[in-house]
Structures are given as structure tokens and as C-alpha cells.
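1. Sequence and predicted structure below; questions after.
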Amino acid sequence: MTDAKPFPPLKNDLILRAARGEKTERAPVWVMRQAGRYLPEFRAERVENDFFRICRTPELATKVTLQPIDRYDGLLDASIIFSDILVIPQAMGMEVQMVPGKGPHFPEPLVLPGDMAKLNENVDVNKELKYVFEAITMTRHALNGRVPLIGFVGAPWTLMAYMIEGGGSKTLSKAKEWIFKHPKESHALLQRITDVCVDFLVGQVHAGAQMLQVFESWGGELGPHDFDLFSLPYLAQIAKRVKAELGHEHAVPMTVFAKGSWYALDKLSEIGYETVSLDWTHDPAQAKATTKGRVTLQGNMDPNVLFGGDEAIVSTVERMIRGFGSTERYIANLGHGILPTVPVEAMGLFLKTVHRVGLEVAAEKKEAEAKESIQILG
Ligand SMILES: Cc1c2[nH]c(c1CCC(=O)O)Cc1[nH]c(c(CCC(=O)O)c1C)Cc1[nH]c(c(CCC(=O)O)c1C)Cc1[nH]c(c(C)c1CCC(=O)O)C2
């Protein structure tokens with residue numbers, strides 16, 4: 001991007017420092033799906049426009065990405081580009097519709113391994129997903145350096161499962177039939193998706209993304225043995241190849257979120273990601289003991305606490321921040337995406353409480369350290 005105009009300087013790099021393991025004044029915070037249906041301004045946009053039209057129109061994607069940043073002015077420490085994990089199956093040649101009230105729908109899912117022949121052979125992300133790159137560049141300028149911009153992809157197993165199930169599923173029986181009956185072909189499909197993920201993430205960084213997250217939303221549907229076979233190697237490959245392709249000069253911190261895969265936490269800390277995002281089934285102290293400072297931890301409040309009223313939100317955030325610690329290797333977030341019926345005030349209280357408690361914990365730590373050094377000197 002030699003002819004592009006330079007991006008505005010970054011004014012808040014808290015999340016990047018936390019991800020790199022540097023000290024922070026307080027825990028940075030953002031929320032998965034922070035640009036979404038719980039925001040009246042997003043719902044108003046959706047009355048006018050189809051979901052994928054918003055994704056494909058850089059001006060609209062920029063507008064929607066900025067909605068939570070503007071509404072919760074100064075409270076969010078990162079933005080995430082408005083898009084979807086299912087743009088990769090689309091780029092591979094599949095049709096995906098977003099059905100209101102139902103979620104994603106593939107009219108022609110992959111049924112048998114032979115159906116893979118219908119997928120595009122060599123996916124040129126610069127052509128098929130150019131609109132995401134344009135949205136990222138436009139959003140990075142529009143953010144004007146207020147907070148870093150996160151890019152993302154769905155992980156190969158989660159995308160493969162959507163491509164075979166044709167939408168959401170309680171059991172993932174069809175996708176699992178593939179891995180158990182057709183393991184060789186499943187690996188071939190996972191590899192093809194991985195190749196697109198790598199190109200897409202690298203392209204997002206060149207377009208302006210300052211951090212990357214890989215969503216393995218259906219990780220926990222696999223037991224530990226199958227996770228090691230069908231998820232982990234591809235997650236590892238993505239981190240390794242993206243870093244190699246970006247090189248030192250363009251490197252950005254990467255986060256892996258394998259929802260439900262609590263058993264894999266130790267291994268997830270070893271495969272090249274700076275940050276591991278946790279769902280709410282993790283206890284902070286245990287997660288810290290398992291990861292031993294190798295990675296930054298992100299998460300992990302149960303999104304449903306936002307329905308629990310002010311007291312529940314405040315006490316859960318207190319416990320969470322005190323559990324993880326505020327100034328080192330921690331990024332506050334929910335344990336999964338914010339739900340569409342959450343009141344906007346509840347999200348506001350969550351963010352304000354993370355700031356307040358984060359600063360309190362940081363101040364307490366400083367005071368304790370000062371006391372300790374006085375004792376040592378004395
Ligand atoms: C599994 C998954 C999907 N998409 C995504 C995941 C991984 C995270 C997770 O596990 O929740 C990721 C995603 N989807 C969306 C974003 C945008 C950025 C952000 O986080 O604000 C991101 C990061 C927008 C969206 N993606 C979707 C919406 C709502 C669609 C609408 O407006 O009708 C939004 C704002 C639709 C979507 N997209 C997907 C589903 C299952 C659904 C329907 C259910 C739902 O609505 O929550 C697939």
C-alpha cells in the first residue's frame with residue numbers, strides 16, 4: 001500500500017500493549033459483537049439494508065463499526081470490523097443468506113466430499129474479499145486513531161461445520177459424520193479453508209487491521225482428541241503462516257478464541273497466539289495457573305449476566321477483574337458475543353465498571369508494591 005495515505009496516529013494502544021505482555025494502567029476492554037442488534041442504531045440500519053449488503057458496502061460497514069465506539073465514547077479500547085465469519089464460504093463459491101430471526105442459511109450446503117469440487121479452486125482474496133479490505137482501510141481512517149481496529153476470520157473447523165450443516169445446528173451430526181467417516185477429505189477441506197484464512201488475515205493487516213482474532217466458535221463441540229486432530233493443527237498453521245508472511249515489520253498481535261475447548265487451554269498457549277480468549281466456563285485463577293503468563297487472557301463474563309441487573313453486573317465484573325488482575329496480560333471482554341436483547345445501559349454499566357475496578361485494582365497493586373519496596377529498603 002505504497003500510494004495510500006498514512007493512517008492517523010493511534011491515541012489509545014492499551015489493548016496492543018496488553019496483548020504484547022507489556023504493563024497497562026488498567027485492563028483494556030471491548031466486547032464481541034459490539035456492533036450488533038442490541039444497538040437501536042444498528043437495527044435502524046438493518047431496516048434499510050440486508051446484512052451482507054452492509055458487509056459489502058465499505059461506507060456502511062464503517063458506519064456500523066463506529067456505532068458502539070461513538071455511543072460508548074471513551075469506554076471501548078478496540079473496534080472490530082463489521083463483517084462475518086461466513087464471508088469465507090462465500091468467497092469459496094457458496095451462497096449464504098442471513099435470515100432474520102433464524103441466522104445464516106446455505107441453500108446448497110456440502111453434502112458429500114464430492115461436493116468440494118463445486119468450491120472455487122484458487123480463491124483470490126484480493127478479488128473476492130476486496131470489499132472487506134476496503135472497509136478496513138476506510139474504518140481505520142474514520143476511527144482517527146481513537147482505538148485499534150481488529151480484523152478476524154472464522155477458524156477452519158467452525159467454517160467447515162457451517163458449510164456442511166448449512167446453518168446452525170444443535171448436534172453438528174452432518175459435519176461430524178464427515179470427520180469420522182471421511183477424515184482424509186475433511187482434512188483436505190480444512191486445509192483449503194486454512195489457505196484462504198491465511199491470505200485473508202494477511203490482507204486485512206495490509207489493509208489496516210492492527211490486531212487479529214480467529215473465532216473457533218464450535219471448538220467445544222469436539223472432544224479433546226478430535227480437537228487435536230481437526231482444529232488445533234489448523235489454528236497453529238494460521239498463526240505461524242500469518243506471522244511468517246507479515247514478517248517483523250507488519251506483525252500484529254493475534255488472538256484465538258476456541259469456545260468450549262477448556263481442555264485445550266494449555267495447548268492453545270503454545271501455538272503462536274499472543275492472546276487466548278476464554279468463555280465463562282473458565283475460572284480466572286485456574287486459567288492463569290494453566291497458562292503461566294505465556295499468553296494474554298481475554299474474557300470472560302457470561303453474556304447473560306447483562307440480563308441480571310446492575311448488582312449482578314458490578315459484582316461479576318469485580319470478581320472477574322480481581323481474578324485476572326488488571327495491569328498485566330489481561331483484556332476484559334465477555335465470554336461470547338453480546339446478545340441482541342441486552343439493554344444498551346447494561347453494556348454501558350459493564351464497560352464503566354471494568355474501567356472503575358481496573359483502575360482500583362491497578363492502584364491497589366501500586367500501593368502494595370510501594371509498601372514492599374519501603375520494607376525492603378528499611
Ligand atoms: C459463529 C459466528 C458467526 N459470525 C461470527 C461468529 C463468531 C463469533 C461467535 O461465535 O458468535 C463473527 C461475527 N459476526 C459479526 C461480527 C462483527 C463484528 C462485531 O463483533 O461487532 C463478528 C466478529 C456480525 C454479525 N453477524 C450476524 C449478526 C446479526 C445479523 C442480523 O443483523 O440479522 C451480526 C451483527 C449474524 C450471524 N453470523 C453468524 C451467526 C451464527 C449469526 C446469526 C446469529 C446472530 O445473529 O447472532 C456466524
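-> That came in fine, so what should we check first?

2. give me the number of residues near the closest residue to the ligand within the stretch 201-350 of the chain?
-> Across the stretch 201-350 of the chain, no residue is closer to the ligand than residue 217, which sits at 3.1 Å (Cβ to the nearest ligand atom). For glycine as for every other residue, the C-beta is placed from the backbone atoms N, C-alpha and C. Residues near residue 217, counting by other Cβ atoms under 10 Å, number 22.

3. before we move on, what about residue 101?
-> For residue 101, the count of nearby residues is 4 (other Cβ under 10 Å).

4. tell me the secondary structure for it?
-> Of the three states, residue 101 takes coil under DSSP: H, G, I helix; E, B strand; the rest coil.

5. what separates it from residue 340, distance-wise?
-> For residue 101, the distance to residue 340 (Cβ to Cβ, to the nearest Å) stands at 10 Å.

6. got it, and residue 25?
-> Counting by Cβ to Cβ, the gap from residue 25 to residue 340 is 33 Å.

7. got it, and residue 180?
-> 34 Å.

8. repeat for residue 298
-> Applying Cβ to Cβ, the value for residue 298 to residue 340 is 22 Å.

9. neighbour count winner among those two?
-> residue 298 (29 against 12).

10. got a list of what that one touches?
-> 255, 257, 275, 276, 277, 278, 330, 331, 332, 333 (Cβ atoms under 8 Å, 6 or more residues apart in numbering).

11. Okay, and which of these map to strands?
-> Among the contacts of residue 298, the members found in strands (DSSP state E) are 255, 257, 275, 276, 277, 330, 331, 332, 333.

12. And the pLDDT for residue 101?
-> Note on residue 101: pLDDT of 85.

13. and it, what does it touch?
-> Counting by Cβ under 8 Å, 6+ apart, residue 101 makes contact with nothing.

14. Quickly find the element holding the residue nearest to the spatial centre of the chain.
-> The chain has residue 213 as the residue nearest its centroid, 4.1 Å off, counting by Cα atoms, centre = their mean. For residue 213, the host element (DSSP states H and E) is strand 211-216.

15. Likewise for residue 235?
-> Going by DSSP H and E, residue 235 is in helix 232-250.

16. what's in contact with that helix?
-> Helix 232-250 has contacts (Cβ under 8 Å, 6+ apart) with 153, 155-157, 190-191, 193-194, 197-198, 201-202, 205-206, 212, 214, 216, 251-252, 254, 256, 258, 264, 267-268, 271-273.

17. picking that back up, okay, and the beta partners of the residue nearest to the centre of the chain?
-> Residues in a beta bridge with residue 213, per DSSP bridges, are residue 152, residue 255.

18. Now do the SS call for residue 169.
-> What three-state DSSP gives for residue 169 is coil.

19. Now do the same contact list for residue 343.
-> Taking Cβ under 8 Å, 6+ apart, one finds 38, 306 in contact with residue 343.

20. List the buried residues for the helix holding residue 235?
-> Residues of helix 232-250 classed as buried: 232, 233, 234, 235, 236, 237, 238, 239, 241, 242, 243, 246 (neighbour count, 16 or more other Cβ atoms under 10 Å).

21. In TSV, list the residues you listed along with pLDDT and distance to the ligand.
-> Formatted as TSV, the buried residues of helix 232-250 follow (pLDDT from 0 to 100; distance: Cβ to the nearest ligand atom, whole Å):
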residue	pLDDT	distance to the ligand
232	98	18
233	98	20
234	99	16
235	99	14
236	99	19
237	99	19
238	99	15
239	98	18
241	98	21
242	98	17
243	98	21
246	98	21
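
22. hang on, the earlier thing: which strands and helices lie in contact with the strand holding residue 213?
-> Other helices and strands packing on strand 211-216, by 3 or more Cβ pairs under 8 Å, 6 or more residues apart in numbering; DSSP states H and E, are helix 14-20, strand 149-154, helix 156-165, helix 183-207, helix 232-250, strand 254-258.

23. Tell me the residues of this protein that contact the ligand?
-> Within the chain, the positions near the ligand by Cβ under 6 Å from any ligand atom are 32-37, 46, 51, 80, 82-86, 98, 100, 103-104, 152, 168, 215, 217, 337.

24. remind me, longest helix of this protein?
-> helix 344-377 (DSSP state H).

25. That one vs strand 330-334, what angle?
-> 160 degrees (axes from the mean of the first three to the mean of the last three Cα atoms, to 10 degrees).

26. gap between helix 344-377 and the chain center?
-> The chain centre lies 26 Å from the centre of helix 344-377; the measure is Cα atoms, centre = their mean, to the nearest Å.

27. How about residue 92, nearest residue that isn't a chain neighbour?
-> residue 119 (4.7 Å; Cβ to Cβ, 6 or more residues apart in numbering).

28. Count the neighbours of that neighbour for me.
-> A count of nearby residues for residue 119, using other Cβ under 10 Å, gives 18.
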